[in-house]
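Novice: what would the 3D arrangement of this be:
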Amino acid sequence: MSTEILKIGMIGLDTSHAPLFAEMLNDTAHPHHIPGGQVTAAFPGGSPDFPLSINRVAGYTAQIRDGYGVRMVESVEAVAEQTDALLLLTVDGRLHVEQFAAIASYGKPVFIDKPFALSSRDARIIADLAREHHVPLLSCSSVRWAENLAAAAGEKEGGNLFGVDCYGPMELQPTQPGFFWYGIHMADMLYRCMGPGCTEVRVTTSEDHDLAVGVWSDGRIGTIRGNRKGNKRFGALLHREQNTAHVDIYAQQKPYYASMLEAVIRMFQTQTPPININETLEVIAFLEAANESRVTGQPVRLKIS
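Specialist: Numbering: from 1, shown residues only. As a prediction, this is how the structure comes out:
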């Protein structure tokens, strides 16, 4: 594992993760400072038809440039040329396949923030490009990395895990359809605990809530409940043969985004992703099937090639 300080590039300064990650990497006084890399160059980006993207760019750009000395450049390619590893943080999942295609040939490790892609087709294109150019690649929700969720998932007492029910906020955004915008947080929590193997999803929906029920090939059942009304806390119930454990994500003292960024930097250093890309592709297929079932009300088989 390399011990040198990596030069890290950011693509997309339209998410709160951009200043948050820059602070944890570049500010050695931060309580959750992560050594091993510093953000040195960034491309601001921004999607004009997505208010939660374009309305954030100017403020976050100024904060990252002036507060942490990060150099702004004119293209995603310029970021790749000038750095050792890349944080593709663009909040608009529609752009990920295009932006990744522009940087893949540089062969540098890449983290793609959620959502990885907005279709299985785009997700497979990204995965194929990563394989072709030998790019170490990771994409996931930060909530997946909550340490108390990891501890509960790895618990050996109580017998085998036969089901998990995850919950959290699920606002809807027209440009990031259905479950892709915030449902991906619960889906990643679910896969962190259950692992891959889901074959079918069925969704029940109302104005205020969505409930997706996934059936695994071995008969286990996992659910994600997305709420647009009531509390906005993430959590999960893990059902084992002898007990059921509740995990309140916010009860964990260490922020889950700090745990995730540690894993990202470790991947940059070792060139080894901590999550198999096939699992990431299945998460996208799960969300895609959930969106289809949300419209039809019928169970939908996952399309995994």
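Novice: where do the domain boundaries of the chain fall?
Specialist: Each domain of the chain is listed here as a residue range: 6-142+255-274, 144-252+285-301, per automatic domain parsing.
Novice: and the first one, average pLDDT?
Specialist: pLDDT averaged over domain 6-142+255-274 equals 97, rounded to a whole number.
Novice: before we move on, the earlier item: would you mind putting the domains of the chain into JSON lines with mean neighbour count alongside?
Specialist: Where you see a C-beta, it was placed from the backbone N, CA and C, and this is true even at glycine. What follows is the domains of the chain, written out as JSON lines (neighbours: other C-beta atoms under 10 Å):
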{"stretch": "domain 6-142+255-274", "mean neighbour count": "20"}
{"stretch": "domain 144-252+285-301", "mean neighbour count": "19"}
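Novice: which residues in the stretch 101-250 of the chain form helices?
Specialist: 120-133, 147-153, 183-194 (DSSP state H, counting those that start in this stretch).
Novice: between these, which one is closest to Leu87.
Specialist: helix 120-133 (15.2 Å; C-beta to C-beta).
Novice: by contact count, what packs against the closest one?
Specialist: helix 96-103, strand 137-140, helix 277-296 (3 or more C-beta pairs under 8 Å, 6 or more residues apart in numbering; DSSP states H and E).
Novice: Phe234 is nearest to which of the ones you listed?
Specialist: Once these are compared by C-beta to C-beta, strand 137-140 is nearest, at 14.1 Å.
Novice: for that closest one, output the C-alpha coordinates as CSV.
Specialist: Provided in CSV are the C-alpha atoms of strand 137-140 (Å, rounded to 0.1, in the frame of the first residue of the first chain):
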residue,chain,number,x,y,z
LEU,A,137,-13.9,1.6,-9.1
LEU,A,138,-16.2,2.1,-6.1
SER,A,139,-19.7,3.5,-5.9
CYS,A,140,-22.0,3.4,-2.9
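Novice: sheet partners, orientation included, of it?
Specialist: strand 110-113 (parallel) (DSSP bridges).
Novice: from Leu20, how far out is Ile64?
Specialist: 10 Å (C-beta to C-beta, to the nearest Å).
Novice: hang on, the earlier thing: would you turn the helices and strands packed on helix 120-133 into a markdown table with distance to Thr205?
Specialist: Formatted as a markdown table, the helices and strands packed on helix 120-133 follow (distance: least, C-beta to C-beta, whole Å):
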| stretch | distance to Thr205 |
| --- | --- |
| helix 96-103 | 26 |
| strand 137-140 | 25 |
| helix 277-296 | 5 |
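Novice: so which of the ones you listed is nearest Leu261?
Specialist: strand 137-140 (11.2 Å).
Novice: for the stretch 201-305 of the chain, which spans come out with low pLDDT?
Specialist: Within the stretch 201-305 of the chain, the ranges that satisfy pLDDT under 70 run 305.
Novice: quick one, strands of it?
Specialist: 209-216, 221-227, 235-240, 244-248, 300-301 (DSSP state E, counting those that start in this stretch).
Novice: who wins for proximity to Met194 among those?
Specialist: Among those, if distance is taken as C-beta to C-beta, the winner is strand 221-227, at 4.9 Å.
Novice: the closest one pairs with which strands, and in what direction?
Specialist: strand 161-169 (parallel), strand 209-216 (antiparallel).
Novice: roughly how far out does the shortest one sit from the chain middle?
Specialist: In other words, strand 209-216. 19 Å (C-alpha atoms, centre = their mean, to the nearest Å).
Novice: compute the distance between the closest residue to Thr28 other than its chain neighbours and Ala42, please.
Specialist: Closest residue to Thr28 apart from its sequence neighbours, by C-beta to C-beta, 6 or more residues apart in numbering: Pro35 at 7.9 Å. The gap separating Pro35 from Ala42 is 20 Å, by C-beta to C-beta.
Novice: cool, and His96?
Specialist: Counting by C-beta to C-beta, the gap from His96 to Ala42 is 17 Å.
Novice: show the contacting residues for Gly36.
Specialist: Shown in contact with Gly36 (C-beta atoms under 8 Å, 6 or more residues apart in numbering): Thr3, Ile5, Leu6, Ile265, Phe268, Gln269.
Novice: format these as CSV; extra columns: distance to Arg71.
Specialist: Below are the contacts of Gly36 laid out as CSV (distance: C-beta to C-beta, whole Å):
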residue, distance to Arg71
Thr3, 24
Ile5, 16
Leu6, 15
Ile265, 20
Phe268, 19
Gln269, 22
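Novice: closest to Leu118 out of the residues you listed?
Specialist: Of the contacts of Gly36, the one sitting nearest to Leu118 (C-beta to C-beta) turns out to be Phe268, at 25.5 Å.
Novice: distance-wise, check the closest residue to the closest one other than its chain neighbours relative to Thr205.
Specialist: Residue nearest to Phe268 in three dimensions, not counting chain neighbours: Ala85, with 4.0 Å by C-beta to C-beta, 6+ apart. Distance, Ala85 to Thr205, using C-beta to C-beta: 39 Å.
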